[in-house]
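quick check, what structure comes out for this input:
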Amino acid sequence: MRLPTRTHLRSETGQTAVEFALVAPMLVVLLLAIIQVGIAFNSHVTVTDAARAGARQAIVARFSGASVADIEQAVRNAAGNLNQNKLKVLVDDPTWTVAGSNVTVTVTYPYQISLFGWVVSSGDVTSKMVERLE
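Below is the predicted model of the structure:
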C-alpha cells in the first residue's frame, strides 16, 4: 500500500464544491425570505389601494346613490388578487345626505411570513382611509 504524497494532501480540488455546499442553504433561506416579504408587501399595497378605491366610491355616494354594500363591493373589486374570504371591510356609515361629513373605510387582511413551516412573522395588514363627502 502506498501512502499519499504531500502534493495530494495540499490539493485544493473540490474546495469550491464544499464551500458552495456550506453556503447554499443560507442563500436559499435568504431567497425564500425575500419572496415571502415581497408577498406581504404586495398584500399591503393592494389593501391600501382597495381602501382608497372604497373611500373614493364613498365620497360620491350622495350623488350616485351608492350604499355601504356598493362600497364594500368596490373594495373587493380593487383587491381582486387577495383571498376574498379573509378580506375584512368596515365602512363607517355617516349621514349620507349631509355634505362635509367624513366617511371612513377600513380594510384588513392577514399576512404570514414563514420559512419551511416556521412562522417568522404574522399579523394583519390594515389600511384606513378617511374622506369627506362631497
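
going forward, measure contacts between C-alpha atoms and count neighbours the same way
Fine.

would you say Asp124 is within a helix?
No - under DSSP: H, G, I helix; E, B strand; the rest coil, Asp124 falls outside any helix and is assigned strand.

against which helices or strands is the longest helix seen in the chain packed?
Longest helix in the chain by number of residues, with DSSP state H as the criterion: helix 15-59. When contacts are defined as 3 or more C-alpha pairs under 8 Å, 6 or more residues apart in numbering; DSSP states H and E, helix 15-59 sits against helix 68-78, strand 102-115, strand 118-132.

where does the prediction get shaky in the protein?
Along the chain, the model assigns pLDDT under 70 to residues 1-10, 94, 96-97.

as JSON lines, the helices and strands packed on helix 15-59 with distance to Leu27 would be great.
Shown next, in JSON lines, are the helices and strands packed on helix 15-59 (distance: least, C-alpha to C-alpha, whole Å):
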{"stretch": "helix 68-78", "distance to Leu27": "35"}
{"stretch": "strand 102-115", "distance to Leu27": "13"}
{"stretch": "strand 118-132", "distance to Leu27": "17"}
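
sweet, I'm off.
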